[in-house]
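Chemist: heads up, no residue letters with this:
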């Protein structure tokens, strides 16, 4: 029987891939890649883009798609058997890519190419490749080169183990509450908790640390004791403070070793610290610039955050009889204050956001803005809840042309890591082997609650924002018109600009004309009432000062961790120092948020978490163009949408992000729109 990972089918055969397929497929694909690498690095092989791409890139892309499918399944359908197969193959794959990125013969071929013979996209890809070789250790020799390779392999192992510990610690927790303990918790969450307990053959109501359960309990449960129980479990996951203690899941030693390895890598490459290495391919010009940006943003947000806290403390004391609220009380106090101040409840709002209606509205918006149609399609999937869609370009004559495809995996479940993300399955590419155009494919993954009692899933407004965010990443990858895969879509885009399209899309979740198309009450089918929308808008910037400082805290900790911090020192002491500088609410000493900070320890954001705030400046300013050109009925202007699509989305990584931004806005970005959107304008 054919190994599905070696299939030449256009899409991964997710329904057929089994753990036992991984090792033989990886070995076969690596052997092909080794042969291709040997071929193109031979002395008599021409330093020619098309020839090298045909011989090497076609082969490595096949490995990338297959290994990407395995990695994806490891994230969304984890089993002990798949995990073991993934971990067995990981060192081999890491070793190959490390050697590929440091191969001095291949580096010499790229340097020998004639840039004048290349297309603009190929020139950008070649420039990125040369930079990648330097950062990949291609200029190292002897023992330094060997040590660099060892560091890469060990970092890959540690990042994977960090993710496993985080997932296992999250999945392991379950508390079976009584109905009395769930006083105040939304009905749909209670129903899901009861169903979870029944599935386990238990009495009571199963509470977990998955977001669709954890967050509403923290916001709505009247029992402070219940909130404390879940909070302690959540903030001590995968740490030395976890109860009961599970030493093999403690991420403390992993964090320390990763930091030491990153510092050693930087020194081998001739840089003072890993933060500086991280910024080489980014927009920001220095770590000092990033730190200054973050501290300046903190300074602007602090007065608003301090007022937020003062309001919370006063309300807690006077209305809730809480003289000294604790960390697990703040989400509850915040929700009650919001309801009192704006006569507005997240739970009331959620009943209007049924998942099917939200998806229909999102697709309609994309069609209006970008001139595309999104229609259901079929493909092998890894879970029955996964859907597959095709994107088509609507041409002037009404005809349609295939643009790309994406998978949507919306629901939280065991064996699926938390959070939300977009991943590329394959990139747009005018293939050198067939001269045919390969259309891009992406994964959009979220962790929403499932529907209960035969009703559709209900999304919180935050869930809707998350969906729009990941869809923004998706269209960035899928709507590109660049034919060179290394700079098509999100490929080659500076990391601190890659969040621009995702955060840009979030803004539409606050527009009346858009929300009318996204909402339909779960029981009556009625759209969102204008009065409730007005309350929602009034509450939009509720605690925006506190939320900004929270993001600055994470970003500043990340950057200082990879610049000023010594890996042998206590990283929790650094976090406490950052909190003392930035935070306006105390955090309990037992809290261990770094231990599940997967973005920087397992997700590619090391010394790059600032990118969210950095790109938010770009995205807010880009969205201001839509505010300036809104149509008389309040709906977004399609002409502005087409220009945004052309200059930002379609350009992908084929030119510097600043060039794309200026092509759209006609000038460099300004922070003014961000401060205005968040209610912090001077």
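Modeler: Arrived safely. Computed from a predicted model, the values in this text were never measured in an experiment.
Chemist: who's in contact with the closest residue to residue 348 other than its chain neighbours?
Modeler: What sits nearest to residue 348 in space, not counting adjacent residues and going by Cβ to Cβ, 6 or more residues apart in numbering, is residue 532, at 7.0 Å. The C-beta positions use only the backbone N, C-alpha and C, and glycine is treated the same way. Shown in contact with residue 532 (Cβ atoms under 8 Å, 6 or more residues apart in numbering): 344, 348-349, 352.
Chemist: kindly report the same for residue 516.
Modeler: Residue 516 sits in contact with 527-528, where contact means Cβ under 8 Å, 6+ apart.
Chemist: check whether it sits in a helix, strand or coil.
Modeler: Three-state call for residue 516 (DSSP: H, G, I helix; E, B strand; the rest coil): helix.
Chemist: the nearest residue to residue 449 once chain neighbours are set aside is in what secondary structure piece?
Modeler: Leaving aside its chain neighbours, residue 449 sits nearest to residue 212 (3.5 Å; criterion: Cβ to Cβ, 6+ apart). Here residue 212, judged by DSSP states H and E, is contained in helix 211-220.
Chemist: find me the pLDDT at residue 598, would you?
Modeler: At residue 598, the model reports a pLDDT of 97.
Chemist: number of residues surrounding it?
Modeler: By the criterion of other Cβ atoms under 10 Å, residue 598 has 20 neighbours.
Chemist: residue 167 is in contact with that one, correct?
Modeler: No: with contacts counted by Cβ atoms under 8 Å, residue 598 stays clear of residue 167, the gap being 9.3 Å.
Chemist: common neighbours of the two, please.
Modeler: Taking Cβ under 8 Å, 6+ apart as the criterion, residue 598 and residue 167 both touch residue 417.
Chemist: from residue 336, how far out is residue 380?
Modeler: Using Cβ to Cβ, to the nearest Å, residue 380 is found at 47 Å from residue 336.
Chemist: so which strand or helix has residue 265?
Modeler: Using DSSP H and E, residue 265 sits within helix 252-268.
Chemist: list the buried residues in that helix.
Modeler: Buried residues in helix 252-268, counting neighbours by 16 or more other Cβ atoms under 10 Å, are found at 252, 254-255, 258-259, 261-266, 268.
Chemist: so how far does stretch 473-489 reach from one end to the other?
Modeler: This stretch, stretch 473-489, spans 9 Å end to end (Cα to Cα, to the nearest Å).
Chemist: first-to-last residue distance for stretch 522-531?
Modeler: 18 Å.
Chemist: chain center to it: distance?
Modeler: With Cα atoms, centre = their mean, to the nearest Å as the basis, stretch 522-531 stands 31 Å off its chain's centre.
Chemist: and for it, what's in contact with it?
Modeler: Residues contacting stretch 522-531 (Cβ under 8 Å, 6+ apart): 349, 351-352, 354, 455-456, 458, 512, 515-516, 518-521.
Chemist: give me the angle between whichever strand or helix holds residue 469 and helix 211-220.
Modeler: Per DSSP H and E, residue 469 falls inside helix 461-478. Helix 461-478 runs at 140 degrees relative to helix 211-220, counting by axes from the mean of the first three to the mean of the last three Cα atoms, to 10 degrees.
Chemist: picking up where we left off before, which neighbouring elements make contact with the helix holding residue 265?
Modeler: For helix 252-268, the packing partners by 3 or more Cβ pairs under 8 Å, 6 or more residues apart in numbering; DSSP states H and E come out as helix 142-172, helix 274-279, helix 571-582, helix 598-602.
Chemist: what's across from the one residue sitting closest to the centre of the chain in the sheet?
Modeler: Nearest to the mean C-alpha position of the chain, counting by Cα atoms, centre = their mean, stands residue 421 at 4.0 Å. Beta-bridge partners for residue 421, by DSSP bridges, are residue 445.
Chemist: thought residue 110 was touching residue 126?
Modeler: Yes: using Cβ under 8 Å, residue 110 is in contact with residue 126, at 6.0 Å.
Chemist: residue 10 should be in a helix, yeah?
Modeler: No: looking at residue 10 with three-state DSSP, it is coil, so not inside a helix.
Chemist: and it, how close does it get to residue 16?
Modeler: Computed as Cβ to Cβ, the residue 10 to residue 16 distance reads 14 Å.
Chemist: neighbour count: these two, which is higher?
Modeler: residue 16 (15 against 11).
Chemist: okay, the closest residue to that one other than its chain neighbours and residue 261: tell me how far apart.
Modeler: Nearest in space to residue 16, with sequence neighbours left out and distances taken as Cβ to Cβ, 6+ apart, is residue 4 at 4.0 Å. According to Cβ to Cβ, residue 4 and residue 261 sit 35 Å apart.
Chemist: what angle do the longest strand seen in the chain and helix 211-220 make?
Modeler: Assignment by DSSP state E gives strand 400-411 as the longest strand of the chain. Relative orientation of strand 400-411 versus helix 211-220 (the same axes, to 10 degrees): 60 degrees.
Chemist: hang on, the earlier thing: which helices and strands does the helix holding residue 212 pack with?
Modeler: Using 3+ Cβ pairs under 8 Å, 6+ apart, helix 211-220 sits against helix 187-199, strand 205-207, helix 224-235, helix 330-342, helix 346-350, strand 441-448.
Chemist: now it: how far from the chain's centre is it?
Modeler: That offset, for helix 211-220, works out to 21 Å (Cα atoms, centre = their mean).
Chemist: ok, residues contacting that helix?
Modeler: 182, 184-186, 189, 192-193, 207-208, 226-227, 230-231, 234, 328, 331-332, 334-335, 346-347, 412, 418, 447-449, 460.
Chemist: got it, and stretch 477-484?
Modeler: So stretch 477-484 is contacted by 119, 121-122, 124-125, 370, 372, 391, 403-406, 422, 424, 427-430, 437, 440-442, 488-490, 645, 649-654 (Cβ under 8 Å, 6+ apart).
Chemist: what sits against residue 679?
Modeler: So, once contact is read as Cβ under 8 Å, 6+ apart, residue 679 ends up touching 304, 540-541, 544.
Chemist: understood, closing this out.
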